[in-house]
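In: Prediction below, plus the sequence it came from.
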Amino acid sequence: MEVQERKSGKIYALSSTSSVPEWLGERARRNLAKRDSAFRHRITLLQDLEMPVASNKIRQSPDGRFLIVGGTYSPRIRCYELSEMSMKFERYLDSEVVDITILGEDYGKLAILGADRSVSFHAPYGNHSVIRLPTFGRAMAYEKTTCDLMVVSSGKRVSPGAAAAGGQAMGEVYRFNLDEGRFSQPYNFTSALRQKKGVDPEDTRVLQLGGSCIAISPTHSLSAIGAEDGTVRFWDNRAPVGSSQNDADLTPFLNLDVASATSGYGFFDENSNSGFPGEVTSICFDASGLHMCAGTKGGNVALYDMRSSKPLFIKEHQYGLPIHTVQFHSGSGTVLSSDPKLVKIWNAKTSSSSTRGEWNDDGGFGDTRDDEGVGGALGSIVANVEGTADFSHVMVSGDSNDPEGHNSGLLLCAGEQSKVQSFYCPVLGAAPQWCSFLDNITEELEEKDGALEKSAGDDSGLVQTETVYEDYKFLTRSEIDTLGIQNLVGTPLLRGYMHGFFIHVGLYNRIRAVAKPFEYKEYRSQKIKERMEEKRASRIAPKTNAQKINAKVNPDLADRLQAKSGSKTKAGKAAKALVEDDRFGGLFSNPDFEIDEEAEDFKLRNPSGVASSKIRNDRDMDSDQEDDYDDIENNLGASGFSKTRDEDEKWDSESDNDEGDNEYHYDDSDSDEDDGFQGGRIRGELYENKRGASKEKKKKDSKKIKTKKKKKNIMYEADDYMGSGTNAIDIGIGNVSAQEEASKRKKEMTLSMAERLQLQSEESKFIGDAKRLKVTGQGSVKEVTFIPKATRKKLEAQEKARQEANVKDDRIGRSRRGVKSLGFKTPFKHQ
């Protein structure tokens, strides 16, 4: 149940929940009540108070016990017994319902105006009789004093010749006398003509403007007919009617021009709406018979005093839609006027006029209050009732004590939806007797209003409701033809609704699987494709390298900043800001800002930078490493290592030395085979020049040989150190055991001879318990000797016990010995 907040009070929408299909079983209804909290907490005024598609008229019997509703589709009426709160019967009709009139006190006598120019009379047992009308009927009313059923007819089509002759068109109000069972002379009135263009531009029709609504005063036999020309015509049913057709009593005695009074009011849009905005579409009298309301097609409602032709007040509906229902509510002094969008409740008289009945000089009620609500100023809004679908007819429901609903606050609205919409307005009055529980419910809701609002606000986004149609699928006729299930039409498997059918989802899936066997493969491939697209979209995009800085100055700094700028750390953000900021552009372009990494201040402030530069220099394969080789040779020579040379190197070095000592050494290059002997020396005038050139050539060749040999692996030989080859430990080439052994030997060298002998004697004690383990690895064999910890502890414990025993023996030797230590037997043991 929804609550609509208004200034004057609250309006409770009792039919806010969705309707349940008729073909839904009882078990499905129970399951729906378990799942849907809104369906479980709904308020049901009357059982099955709905129509399959829409309802267009609703009436209550004069005794207040029955409710008659007409609707579609198919055309039908339903009768509800209010005391039982359920439907009493349902009857189908041949045409749609235009209007319903209850002729008796209960449902026993009904007159139903159809859209096919027929009026059908119904008795408790069913359809009693049907009569035909000369023209289509618009509205119908029953005059009790004369037993006449009056039907307002639409306009007739006039021939072009008669229209050109200027003859007067006469509208008619048909009267059917129920006492005599025949038609009486109809009421007639002068009507205007209207031209209407057909589909063909040359096809122009001339139509007579007829009537549109009718109302009969409850206090005096005064009939009011609203016409399409915007005029309300009155007849006095008490006047005797003669037999002549031209009798003056058949014509209206008074014409009220409502169109002129409402001209200039309202929000009628001629572009979107067709017709005359001043056309009177609804009319009604109050219980006293002194006031009348007339609603127009332009959305205006004129309130009249029967003693004046000037309206007391004109109420505008902002939608500009036709007013289809106007009704007085004497209990609250308000008027209910309804268009398709809303029901507007407004004050028809002020508080002063309702108590004293005084009138102003201008013929209107005196406005003593300007506030809204019941008893406010004339025309002030009491409430606006908005529904979930368009309204077609509205009535205030009463009970057996108040059949007309003058003191009731329950509104029943027929409209363009299956459910008959119901609203409870406590500001109008109490609930009828047959639904008095509404008062208790609304009082409890008002007491818990704060808690309900809070809970509704907390749960609004969490509660998920399920509908009845979730287990069914709607199919159109074309879809049924595609699936090939035309043979199921008319069976319970296909439930007809509107322009298609409802089918259970399970059955639909099975039929679809048979009709389209390869649909699953297509669906599967589509899903795989979608998932692949999602995976491809979720991949980490390749990191685009930022534009490299073209640094002419400080290129190393630029590279470091560029590398750091890609990280999200604090240092990375600072580096990125430094790179992107134009103010620091001179750091990489201006030579004045060049960083001298060889300066002492730079090395002291950036030790990590100096170390990294050394590493980069070591990894530079293009740098000259001759000085490094010389340093290594010097270090190794100083540490006890000597370079090993092969035979070629030895020969070259010896030849170089000999050449330096004796310039007349043997050389095969100086030999001359032409002389006939080997080793002969020839010296001429150019000997000295030739010898200088040959020496320079030898120096160049020796440099080339030296460069080539440096690229080879250089082997070094360790010098003897105390008779062992462990001198490599000094530069960290040996393994851990060799280091321990060398450190042990150095320690032994610092000891005296006696200390060394004692140390060797202590180690010899554990030789028996020592364990040897031979470890074989890739390219090496190691022998490890160790004493287990448990064995060492055991030997230490034995040594300690032996020492304690020695100390004890020394102490016993110095003390007196007792008799007990001799081991004699106890004397006098057997005596």
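Out: That came through fine. Residues are numbered from 1 along each chain as shown.

In: Tell me what the closest residue to residue 10 other than its chain neighbours is bridged to.
Out: Setting aside the residues directly before and after it, residue 10 is nearest to residue 3 in space (C-beta to C-beta, 6 or more residues apart in numbering), at 5.4 Å. Backbone N, C-alpha and C define where each C-beta goes, glycine included. With DSSP bridges as the criterion, residue 3 is bridged to residue 12.

In: Tell me which residues touch residue 3, please.
Out: Contact analysis of residue 3 by C-beta atoms under 8 Å, 6 or more residues apart in numbering lists 10-13, 445.

In: What degree of burial does residue 102 show, as a neighbour count?
Out: Residue 102 is flanked by 19 other residues according to other C-beta atoms under 10 Å.

In: Do you know the pLDDT at it?
Out: Listed pLDDT for residue 102 reads 94.

In: ok, now which ones touch it?
Out: Neighbours of residue 102 in contact, by C-beta under 8 Å, 6+ apart: 59, 61-62, 68, 109-110.

In: can we see that at 6 Å?
Out: Residue 102 is in contact with 59, 61, counting by C-beta atoms under 6 Å, 6 or more residues apart in numbering.

In: Can you say which of the contacts of residue 3 are buried?
Out: Buried residues within the contacts of residue 3, counting neighbours by 16 or more other C-beta atoms under 10 Å: 10-13.

In: what would these look like in TSV with pLDDT?
Out: Formatted as TSV, the buried ones among the contacts of residue 3 follow (pLDDT from 0 to 100):
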residue	pLDDT
10	83
11	86
12	86
13	86
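
In: Pull the most distant pair out of these.
Out: 10 and 13 (10.3 Å; C-beta to C-beta).

In: For the stretch 151-300 of the chain, which residues score under the pLDDT cut-off?
Out: The model of the stretch 151-300 of the chain has pLDDT under 70 over residues 157-169, 196-205, 241-249.

In: mind listing the helices in it by residue range?
Out: In the stretch 151-300 of the chain, the helices defined using DSSP state H, counting those that start in this stretch lie at 160-165, 258-261.

In: still on that earlier bit, distance to residue 535 added to the contacts of residue 3, as TSV?
Out: Putting those into TSV (distance: C-beta to C-beta, whole Å) gives the following:
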residue	distance to residue 535
10	55
11	54
12	53
13	49
445	53
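
In: Residues contacting stretch 281-301, please?
Out: 212-213, 215, 217, 219-220, 224, 226, 232, 258, 262, 265-266, 268, 275, 277-280, 302-304, 306, 314-317, 320-328, 330, 335, 337.

In: now what about stretch 490-502, what contacts it?
Out: With C-beta under 6 Å, 6+ apart, stretch 490-502 has contacts from 23, 472, 474-476, 488, 503.

In: Please indicate which of these are buried?
Out: Among the contacts of stretch 490-502, the ones that count as buried by 16+ other C-beta under 10 Å are 472, 475, 488, 503.

In: Among those, which pair sits farthest apart?
Out: 472 and 488 (14.0 Å).

In: How many neighbouring residues does the spatially closest residue to residue 401 that is not a sequence neighbour have?
Out: Nearest non-adjacent residue to residue 401, counting by C-beta to C-beta, 6+ apart: residue 433, 6.5 Å away. Residue 433 has 15 neighbouring residues, counting by other C-beta under 10 Å.

In: for residue 433, phi and psi?
Out: phi -70, psi -30 (degrees, to the nearest 10).

In: Hmm, it is touching residue 399, no?
Out: Yes. Here residue 433 reaches residue 399: they are 4.1 Å apart, a contact under C-beta atoms under 6 Å.

In: hey, where'd the strands end up in the stretch 251-400 of the chain?
Out: For the stretch 251-400 of the chain, strands defined by DSSP state E, counting those that start in this stretch occupy the ranges 254-257, 280-285, 291-296, 300-305, 313-316, 325-329, 334-338, 342-347, 381-386, 391-397.

In: Can you name every helix or strand that whichever helix or strand comes after the last one contacts?
Out: Spelled out, that is strand 391-397. Using DSSP states H and E, the helix or strand that follows strand 391-397 in sequence is strand 410-415. In terms of contacts (3 or more C-beta pairs under 6 Å, 6 or more residues apart in numbering; DSSP states H and E), strand 410-415 is packed against strand 54-60, strand 391-397, strand 421-424.

In: Nearest to residue 378 among these would be which one?
Out: With C-beta to C-beta as the yardstick, what comes closest out of the helices and strands packed on strand 410-415 is strand 391-397 (20.7 Å).

In: which residues touch that closest one?
Out: For strand 391-397, using C-beta under 6 Å, 6+ apart, the contacting residues are 56-58, 60, 325, 338, 340, 343, 405, 408, 410, 412-415, 432.

In: re earlier: which one of the strands of the stretch 251-400 of the chain lies closest to residue 598?
Out: Closest approach to residue 598 among the strands of the stretch 251-400 of the chain is made by strand 381-386 (88.3 Å; C-beta to C-beta).

In: So which bits of the closest one are buried?
Out: For strand 381-386, the buried set under the neighbour-count rule, 16+ other C-beta under 10 Å, comprises 381-383, 385.

In: Please save the CA atoms from stretch 210-227 in CSV.
Out: Below are the C-alpha coordinates for stretch 210-227, written out as CSV (Å, rounded to 0.1, in the frame of the first residue of the first chain):
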residue,chain,number,x,y,z
GLY,A,210,-25.5,15.9,-30.4
GLY,A,211,-25.5,15.4,-26.7
SER,A,212,-22.6,14.0,-24.6
CYS,A,213,-23.8,13.7,-21.0
ILE,A,214,-27.0,13.7,-18.8
ALA,A,215,-27.8,14.2,-15.2
ILE,A,216,-31.1,14.3,-13.2
SER,A,217,-31.5,16.3,-10.1
PRO,A,218,-32.3,14.1,-7.0
THR,A,219,-34.6,16.7,-5.4
HIS,A,220,-36.7,17.8,-8.3
SER,A,221,-37.4,16.2,-11.7
LEU,A,222,-35.0,18.4,-13.7
SER,A,223,-33.0,16.9,-16.5
ALA,A,224,-29.8,18.5,-17.7
ILE,A,225,-28.3,17.6,-21.0
GLY,A,226,-24.7,18.6,-21.9
ALA,A,227,-24.1,19.0,-25.6
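
In: Right, I'll leave it there.
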